[in-house]
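1. Sequence first, predicted coordinates after that:
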Amino acid sequence: MSSKFSIVRLTTAGEHFEILVHPDPALEFKFGRKIDISQVIAVDEVYSDANKGLRVPTEKLTRVFKTDNFLQIAETILRKGDLNLTTDQRRRLVEEKRKQIVANISRNYVDPRSGLPHPPLRIEQAMAEVRISIDPFKDAGEQTKAVVDELRGILPLKSERIKMLVKVPAQYASQSFGALKGVGDIVKEDWGGDGGLTVVIEIPAGVHSTLLDRLGALSKGTAQASVIR
């Protein structure tokens with residue numbers, strides 16, 4: 001088999017099926033991006049073992065997939081099967097997920113001793129120390145809690161949310177409101193007769209400083225923000 005191709009494997013109805021695909025288009029397809037199946041398929045054959053070149057008889061394909069249309073069969077295998085990632089693809093995906101997980105931890109957890117989020121570098125070092133395993137396909141949010149549980153043995157972490165009262169003058173209210181919605185849950189909002197905005201928002205404690213900086217920049221320092229109980 002050419003090293004330019006990847007294998008997608010599917011076991012269903014007690015049978016094993018494999019197809020050869022172009023690595024990057026196949027990965028895009030698996031992530032739900034719109035791409036024609038014909039651009040993904042490298043060889044118009046279904047195998048029981050692609051490395052040995054063992055083809056699946058047409059009658060078996062028809063029995064299992066209820067069609068003899070190759071592209072329909074290949075699309076089913078690609079959607080439901082497991083894509084064998086290239087070394088470079090796995091490295092890139094794992095690194096992207098790692099960054100997302102680190103950002104999630106920094107955003108949603110604080111050091112209970114200081115009440116401040118751990119720097120991303122410290123989180124990355126702790127993940128390396130405990131040898132965290134990252135699933136390149138699993139959602140970063142789903143993996144974050146498991147990672148936090150593993151890190152707690154060497155890194156104190158506390159999930160904490162705070163409420164803030166924010167007041168923004170009318171000329172900066174609209175863009176500031178957009179920024180606020182992007183970082184937390186709006187508990188209460190009040191648009192004054194002059195167009196000014198007053199908001200009570202609940203946010204992860206880890207984004208407190210970032211939000212203050214963002215509001216300051218958007219409102220040219222005129223916004224008021226304070227933590228409330």
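-> Perfect, thanks for sending it.
2. Going by the annotation, which residue ranges form each domain of the protein?
-> Listed domain ranges for the chain are 6-83, 87-158, 160-228 (source: automatic domain parsing).
3. and stretch 48-68, which residues are buried?
-> A50, V56, L61, V64, F65 (16 or more other CB atoms under 10 Å). Quick note: C-beta positions are derived from backbone N, CA and C, even for glycine.
4. Tell me which stretches of the protein form helices.
-> With helices called from DSSP state H, the chain shows them at 23-30, 37-40, 58-65, 70-80, 87-108, 120-129, 140-151, 170-181, 208-218.
5. so which of these comes closest to E189?
-> Checking the helices of the chain against E189 by CB to CB gives helix 170-181 as the closest, at 7.5 Å.
6. That closest one: how far from the chain's middle?
-> How far helix 170-181 lies from its chain's middle: 27 Å, per CA atoms, centre = their mean, to the nearest Å.
7. What lies in contact with that helix?
-> By CB atoms under 8 Å, 6 or more residues apart in numbering, the surrounding residues in contact with helix 170-181 are 166, 168, 186, 189, 191-192, 194-197, 199, 201, 211, 214-215, 218-220, 222-223.
8. hang on, the earlier thing: and the helices of the chain, which is most packed in?
-> Of all these, helix 23-30 carries the top mean neighbour count, a mean of 20, counting by mean count of other CB atoms under 10 Å.
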